[in-house]
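[1] When you get a sec, could you give me coordinates for this:
(chains A and B)
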Amino acid sequence: MSKMHVKMTVNGKAVEALAEPRTLLIHFLREDLKITGPHIGCETSHCGACTVDLDGKSVKACTVFVAQANGAEVTTVEGLVNDDGSLGVIQEMFREHHGLQCGFCTPGMITRAHLLLQENPTPSEEDIRFGIAGNLCRCTGYQNIVKAIAASADALNAQKEAAE
Amino acid sequence: MNEQTLTPEQRTANLKGMGTSRKRVEDVRFTQGKGNYVDDIKMDGMLFGDFVRSPYAHARVKNIDTSAAAAVPGVVAVLTAADLEPLGLHWMPTLAGDKQMVLADGKVLFQGQEVAYVIAEDRYIAADAAELVEVDYEELPVVVDPFKALEPDAPVLREDIAGNMEGAHGPRKHNNHIFTWEQGDKDATEAVLAEADVVAEEMVYYHRTHPCPLETCGCVASMDKVTGKLTLYGTFQAPHAIRTVVSLISGLAEHNIRVISPDIGGGFGNKVGAYSGYVCSVVASIVTGKPVKWVEDRMENLMSTAFARDYWMQGKIAATKEGKITGLWCHTTADHGGFDACADPTKFPAGFMNICTGSYDIPTAYLTVDGVYTNKAPGGVAYRCSFRVTEAAYFIERMIEILAIRLNMDAAELRRINFIRADQFPYQSALGWEYDSGDYHTAWDKAMKAVGYDGLRAEQAQQLADFNAGKTRKLMGIGLTHFTEIVGAGPVKNCDILGLGMFDSCEIRIHPTGSAIARLGTISQGQGHATTFAQIIASEIGIPADDITLEEGDTDTAPYGLGTYGSRSTPVAGAATAMAGRKIRAKAQMIAAYLLEVHDDDVEFDVDRFVVTGAPERFKTMKEIAFAAYNQAIPGIEPGLEAVSYYDPPNMTYPFGAYVCVLDIDVDTGEADIRSFYALDDCGTRINPMIIEGQVHGGLTEALAIAMGQEIAYDDMGNVKTGTLMDFFWPTAWETPNYQTDWTTTPSPHHPIGAKGVGESPNVGGVPCFSNAVHDAFRSFGLTQSHMPHDHWRIWKTANGLGLHG
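    Below you'll find the predicted structure:
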């Protein structure tokens, strides 16, 4: 199959590659760019393990063609690490509150939480539960994930206040 | 502060040993997407495998034409059973003593069965080519009902063993029959039933479901033709056992096989057994000399890899009119699908179903289990479960509720008067187990008090009165469960899988500067072994947990062990860890005594050091001892400080718990709204309370899924109706409640640190608790039993059947 020229920004870096138009974004990220944080859990948009941020929207990269992402700005969990290599706030709060076990849903879950907290910086528990309902976790029962996201909101808001 | 002035409490805190909620060391990698799961592995020249699968549940395979697929550019080969037969690999042994087709050999026995394996240069090409393989099927009559499978004129499913009436577990009485397993005293139990004041009888069905970890199964097989070494990376819960099995079936010498389980994205029993994908990938790599990756998709995972449960349990429970249970009888019909691919210890073809007397002092019991072949996927694995203990717990906890209805008694009180008392431990059960320890009354009373049980019943009565008066359409249900688990398989004298004894192991090496590496025969799939096992070592040896690296899953470096499932890691490998630590401590004591110029018996262990008895200012820290162990010539003592322990447990461990669920059911929509869930777990000594609580949350959520909607359902043609996450219920954060956790601590008397294991308890106890709550809501309307899963439709049907829709 003929390949197309693809350009996008991934985690702040410009990337260019040749790819079959039918290539799924998740495979492009994982196989071509070797960004293996986002995972594949279902291929039907249900589980959210492949969640990435695409132009300010949470999308499931298993059901987006790379052609659709041409020219887009993409953020994955790898892009949420601080510049000095330390864990970002949400990553740290997931660790602090035991918001992960096997770690397979975690990249998608954290990427979703990252955007959720931009959409709504002061979410209620209900907001959080509704906001991550597109991301499945088999291990944690969500209770500690919800706690971690609530704690992230507090920490991020405190950071913002301190900066102002 | 220095070594001299730190208090023992400060020094203990520095270790982050047992009992502390140490943050997980795994999380730094996982939270930034730096886990290393099998699909993350990339190798030069790696090929990809994909299966052609049967659309039929039962059919003869008349012809397979692979020519169009093989002609696709980028396709390297297409394998069928005919290609594997000369190697003797078209069938493989199952863990249950049966055999299973690797690729369809003349017929298919379930929908989704592997028929051909396409190997290509990338996964898209492999998938494209798999579509082009032409298979000519002749449909055969399908049997999905295990009772119909045993009818005299039922179609013969397993033609390969037709007429062979001696199975792996004794005589077979029908061509679709696998085994009969009998435990307990038949005559005595029947006599008790005949004479009892009350006998409650019911069929309790625990439906077919699936472990469905978020990461599906997969592997990368890499044969190095220069060295003759095969490296097999995969989602293996038992990497050492896989190495032995691969050696036995492939003929490769075991030292030429290296099995590596990288990070595993959840297992729950799904990743214990051996699958066709592993065998085909190994063959493909040997043939091509290139690495071959196979990763199944979600539909393949749900349709073809190991399912769980599917037990039809006919029960009779006898009691005096005061409610004292006198006997229990159970006959189970176990649907195993097309091949018997359970992962039970050899001597237990129905796993530990004989724990079905539960938490109760039942003097007489009898159990039989008939295993049956049907046109469904093979399996019957222990999904977050120790070999059928989930089925056993569901059975007894339903029978108790049903008996309470018959006796018109409160189900909490009925449990209370029948619990095994604390002074009866160790307790010999009527079906053959010796329960190690327990204090059920204390746990139960704590639970009842915590939830305000009497108040809940009063509230329920009021809500019922309001319902009957037309003021509400919601009924309140109170679900109770007291479960007893049996985990930590197990003693080699009676526990083996395919002849491999179920011990486990730990090797600890102390480095000269006082840090350490430990390797175990188990493999974490989210349980946090790298965190918790380091805590055990920290407490045993006195080296901070942060200074200890934990490694598992590489058979070239880790000591042999049977892996992680059946809540066996802490009971077995955790014990090995403590014992290896004690060996090191014993040597350290001799070194310390030499350095302090006193007799061995005149030093004693104190948190992180040995001190001279009576002179606490004279001591050697473990760091100092480690350095001396390597670098100082000590007469009569070999250099070095390391130990390995292979631990064969003397008994199983018996965690238990008391759970209470409160929910409201809308009789018009069938919706169940979980109002609260209280879970008290007693897992013996608690190593990391944070991780225990996380395990309980997760296990309860899987229990919620199973009880309230998750199933592998088939239609009469054997089509899987729940093959994607669209249909297979997996709760989201939205429908999952918050849980209240609690505990008591009754250490195991035979385990070196008294730990019992906890990962599966919440699933074992959670399912009956949710289900009992649904039943309880309808108790006053005459409901005794309605089968799970209690999805909205089934609850609505129950309400409708009871005349609640007017």
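[2] Contact partners for residue 119?
    Going with chain A. Under the criterion of C-beta atoms under 8 Å, 6 or more residues apart in numbering or on different chains, the contact list for residue A:119 reads residue A:131. Bear in mind the C-beta positions are built from the backbone N, C-alpha and C, glycine included.
[3] Oops, wrong one, chain B.
    With contacts taken as C-beta under 8 Å, 6+ apart, residue B:119 has the following neighbours: B:47, B:48, B:49, B:75, B:76, B:77, B:78, B:79, B:126, B:284, B:288, B:292.
[4] again, only using 6 Å
    With contacts defined as C-beta atoms under 6 Å, 6 or more residues apart in numbering or on different chains, residue B:119 is in contact with B:47, B:49, B:76, B:77, B:284.
[5] and the residue nearest to residue B:743 when sequence neighbours are not counted, which of the three is it?
    With C-beta to C-beta, 6 or more residues apart in numbering or on different chains as the measure, residue B:681 is the residue that lies nearest to residue B:743, at 5.5 Å, once sequence neighbours are left out. Applying DSSP: H, G, I helix; E, B strand; the rest coil to residue B:681 yields a three-state assignment of strand.
[6] partners of residue B:681 in the sheet?
    Beta bridges link residue B:681 to residue B:657, residue B:743, judged by DSSP bridges.
[7] wait, isn't residue A:52 in contact with residue A:78?
    No - counting by C-beta atoms under 6 Å, residue A:52 sits too far from residue A:78 to count as a contact (10.1 Å).
[8] neighbour count winner among those two?
    Using other C-beta atoms under 10 Å in any protein chain shown, the more surrounded residue of residue A:52 and residue A:78 is residue A:52, with 30 against 19.
[9] would you say that one is within a helix?
    No - inclusion of residue A:52 in a helix is not indicated when three-state DSSP is applied; the result is strand.
[10] Pull the contacting residues for it.
    Going by C-beta under 6 Å, 6+ apart, the list of residues near residue A:52 reads A:38, A:61, A:74, A:76, A:111.
[11] Return the subset of the residues you listed lying in strands.
    Secondary structure assignment by DSSP state E places residue A:74 of these in strands.
[12] Among the contacts of residue A:52, name the ones in helices.
    Using DSSP state H to define helices, the subset of the contacts of residue A:52 located there is residue A:111.
[13] After the lengthiest helix in chain B, which helix or strand is next?
    Using DSSP H to define each element, chain B has its longest helix at helix B:575-596. Along the chain past helix B:575-596, the next helix or strand (assigned with DSSP states H and E) turns out to be strand B:603-606.
[14] what's near enough to touch residue 135?
    Looking at chain A here, since you left the chain open. Contacts for residue A:135 (C-beta under 6 Å, 6+ apart) come out as A:48, A:108, A:109, A:112.
[15] I was after chain B.
    For residue B:135, the set of contacting residues under the criterion of C-beta under 6 Å, 6+ apart consists of B:64, B:115.
[16] gap between it and residue B:189?
    Separation of residue B:135 from residue B:189 (C-beta to C-beta, to the nearest Å): 50 Å.
[17] Now do the end-to-end distance for stretch B:209-225.
    Across stretch B:209-225, the straight-line distance between its terminal residues is 41 Å, by C-alpha to C-alpha, to the nearest Å.
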